[in-house]
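Colleague: output the structure for:
(chains A, B, C and D)
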Protein chains: 2
Amino acid sequence: MTRDGGGSATPGTDPQQLWLSPGQPRRGRRPGFSREAITAAAVALADAEGLEAVTMRRVAAQVGAGAMSLYSYASDKETLLELMVDHVSGELPASAPLTGDWRADLKTIAHRQRDLMLRHPWLPAALSTRRSLGPNTLAFLEHALAALRPTGLDGAAKLEIFAQLTAFVAGHVTYEITQAAAARSPDRAAAEARYLATVAADGHHPELAEALAAPARTVTPEATFTRFLNRLVDGLATD
Amino acid sequence: MTRDGGGSATPGTDPQQLWLSPGQPRRGRRPGFSREAITAAAVALADAEGLEAVTMRRVAAQVGAGAMSLYSYASDKETLLELMVDHVSGELPASAPLTGDWRADLKTIAHRQRDLMLRHPWLPAALSTRRSLGPNTLAFLEHALAALRPTGLDGAAKLEIFAQLTAFVAGHVTYEITQAAAARSPDRAAAEARYLATVAADGHHPELAEALAAPARTVTPEATFTRFLNRLVDGLATD
DNA sequence: TCTATTCTCGTACGACGTACGAGAATAGAG
DNA sequence: CTCTATTCTCGTACGTCGTACGAGAATAGA
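Modeller: Numbers count the residues shown, from 1 in each chain, chains lettered A, B, ... in the order given. Predicted coordinates for the structure are as follows:
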């Protein structure tokens, strides 16, 4: 029997067993590691080498454990990924003061999410398939809901807005990262540009041709993000 | 030597070799399968059982080939996934008439993307890590750029808007699918609701408590999507 | 000291992506 | 026709993954 309590049908999906406090099983051999340390090691690994580097064996090695020991702390790899998401969500300031101007507060929140995702580039991908209901995630959700209180919207609407905002930020950061990666590997970018130029030259893609012919702009990604974010948030009416 | 021409450093990332027309290598044994058929089989598999069911062995079996035969048609699994993305993008009407009202046209485009993603629920996840530069994808991009012509924005701005719109739709569909899945497995949903109620009852999450206490609304996902889409698109100024 | 409990982790299994290379099929050259 | 170069097919095999299993080590209460 593992610490998470086995027996759930599909693994990694029972919030009770994962997040609820463990009580005190003060008996038997003392744990040699900790969920915290394991999660932190997994996060460090993902930060350094990407999500695909996060394997049970490598995380275990990083922490000085045998691979199978991890299963005493996370019943699953999926569970470990949820722990990672909640872990980094702890970096988000969840009790910062609110201005009362919900649009401004929402923009601040989005900027913090973006900063977090830039610090942990694997996070957008991890979030796209998964969501955490851990304490840090819920604390930040609570914060966002509080920011939305002045809108007077009902709960479901507020939850939707937060989900959409998060998805928007994740999408933008993914785009940012792609652009930055292209800038860092000029060979591939050049090959791609050459290919697109070929396509555009066939006459069937005039708009594409024109878009590619335009000189590269010198706007910072930050500014672009802010512009899109402002548009999105300002467009949110309280109808 | 495979049909794609080997030798590229990192696999699955050289658009030239993937999408450019193969010329005519009329010599040697005739191909027993086709890229089209293989891609279609992979898409069918993903539609039926999700992206994780798409393995080289299973796709090959589906098409009556040995696993290794696929590598004559796609040098990589990653390449096969790109082929899948472009394949389903072919379902998007890329030469539908435009009204000249770019906001309306953009909304139509987004609705079509949503329909596509609902038909192929694996698509948002596939797009989040990947992007295709295949003919169908580029045709639809061309269409979107044409729709944005009346804005007078420069090429980079139009490309960004399209990327953001796609990310927005993908985010929303992911959310929709999650909600629908929760509705289909009431056990898990109930367990989650119970857990959240527990958390909300601790007094530290008043906003969450209130949001969860609200009665479930009866708005269709479609209507929610339209509302968010309108807000986003109407918020897009041409500054 | 004994026993129940808890954690550790070596071994092993099945599934994955795919390198390798032997064989089958085809087209042009002689 | 034969010969050869080329192309496609796919069985075998390797390394890596997640993780089931279970034997052993450590601990707490009886």
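Colleague: where are the low-confidence patches of chain A?
Modeller: A:1-16, A:237-239 (pLDDT under 70).
Colleague: again, only this time at 80
Modeller: Across chain A, the ranges flagged by pLDDT under 80 are A:1-17, A:21-26, A:216-218, A:237-239.
Colleague: how about the residues of it that lie near DNA strand C?
Modeller: Proximity of chain A to DNA strand C, by CB under 7 Å from any atom of the strand, involves residues A:1-3, A:25, A:27-33, A:65-69, A:71-73. Bear in mind the C-beta positions are built from the backbone N, C-alpha and C, glycine included.
Colleague: buried subset of those?
Modeller: A:33, A:65, A:69, A:71, A:72, A:73 (16 or more other CB atoms under 10 Å in any protein chain shown).
Colleague: how far is the helix of greatest length in chain A from where the chain is centred?
Modeller: Counting residues, the longest helix found in chain A (DSSP state H) is helix A:155-184. Chain-centre distance of helix A:155-184: 9 Å, with CA atoms, centre = their mean, to the nearest Å.
Colleague: what of stretch A:197-214?
Modeller: 35 Å.
Colleague: what comes up buried for it?
Modeller: Within stretch A:197-214, the residues that count as buried by 16+ other CB under 10 Å are A:199, A:200, A:205, A:207, A:208, A:209, A:211, A:212.
Colleague: just stretch A:77-84 next, same as before
Modeller: By 16+ other CB under 10 Å, the buried positions in stretch A:77-84 come out as A:77, A:79, A:80, A:81, A:82, A:83, A:84.
Colleague: close to chain B, is it?
Modeller: No. Judged by CB under 8 Å from any CB of the partner chain, stretch A:77-84 stays clear of chain B, getting no closer than 11.8 Å.
Colleague: equivalent analysis for stretch A:67-75, please.
Modeller: No. Counting by CB under 8 Å from any CB, chain B has no neighbours in stretch A:67-75; the shortest distance is 15.3 Å.
Colleague: what about that stretch and DNA strand D, any contact?
Modeller: Yes. Interface with DNA strand D: stretch A:67-75 contributes A:67, A:68, A:71 (CB under 7 Å from any atom of the strand).
Colleague: nearest to chain B among the residues you listed?
Modeller: The closest of the residues of stretch A:67-75 next to DNA strand D to chain B turns out to be residue A:71 (CB to the nearest CB; 21.0 Å).
Colleague: need phi/psi at residue A:74.
Modeller: Main-chain torsions, residue A:74, degrees, to the nearest 10: phi -140, psi 120.
Colleague: name the nearest residue to it, ignoring sequence neighbours.
Modeller: Counting by CB to CB, 6 or more residues apart in numbering or on different chains, residue A:80 is the residue found nearest to residue A:74 once chain neighbours are left out, at 4.3 Å.
Colleague: do a quick rundown of the helices in chain A.
Modeller: So, for chain A - with DSSP H - the helices run A:15-19, A:35-49, A:56-63, A:77-89, A:102-119, A:123-129, A:135-148, A:155-184, A:186-200, A:206-213, A:221-235.
Colleague: by contact count, what packs against the fifth one?
Modeller: With contacts defined as 3 or more CB pairs under 8 Å, 6 or more residues apart in numbering or on different chains; DSSP states H and E, the packing partners of helix A:102-119 are helix A:77-89, helix A:123-129, helix A:135-148, helix A:155-184, helix A:221-235.
Colleague: can I get the CA coordinates of the shortest one in PDB?
Modeller: In this case it means helix A:123-129. What follows is helix A:123-129, C-alpha atoms only, in PDB (Å, rounded to 0.1, in the frame of the first residue of the first chain):
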ATOM      1  CA  LEU A 123       4.400  24.700 -18.000                       C
ATOM      2  CA  PRO A 124       2.100  25.600 -21.000                       C
ATOM      3  CA  ALA A 125       2.500  22.100 -22.400                       C
ATOM      4  CA  ALA A 126       1.900  20.500 -19.000                       C
ATOM      5  CA  LEU A 127      -1.200  22.600 -18.400                       C
ATOM      6  CA  SER A 128      -2.700  21.900 -21.800                       C
ATOM      7  CA  THR A 129      -3.300  18.200 -20.900                       C
END
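Colleague: using JSON lines, lay out the buried residues of stretch A:77-84 together with distance to residue A:150.
Modeller: Output for the buried residues of stretch A:77-84, formatted as JSON lines (distance: CB to CB, whole Å):
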{"residue": "A:77", "distance to residue A:150": "41"}
{"residue": "A:79", "distance to residue A:150": "37"}
{"residue": "A:80", "distance to residue A:150": "38"}
{"residue": "A:81", "distance to residue A:150": "35"}
{"residue": "A:82", "distance to residue A:150": "32"}
{"residue": "A:83", "distance to residue A:150": "34"}
{"residue": "A:84", "distance to residue A:150": "33"}
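Colleague: out of the residues you listed, who's nearest residue B:144?
Modeller: residue A:81 (33.6 Å; CB to CB).
Colleague: I figured that closest one hits residue A:126, correct?
Modeller: Yes. Counting by CB atoms under 8 Å, residue A:81 does reach residue A:126; the two are 6.0 Å apart.
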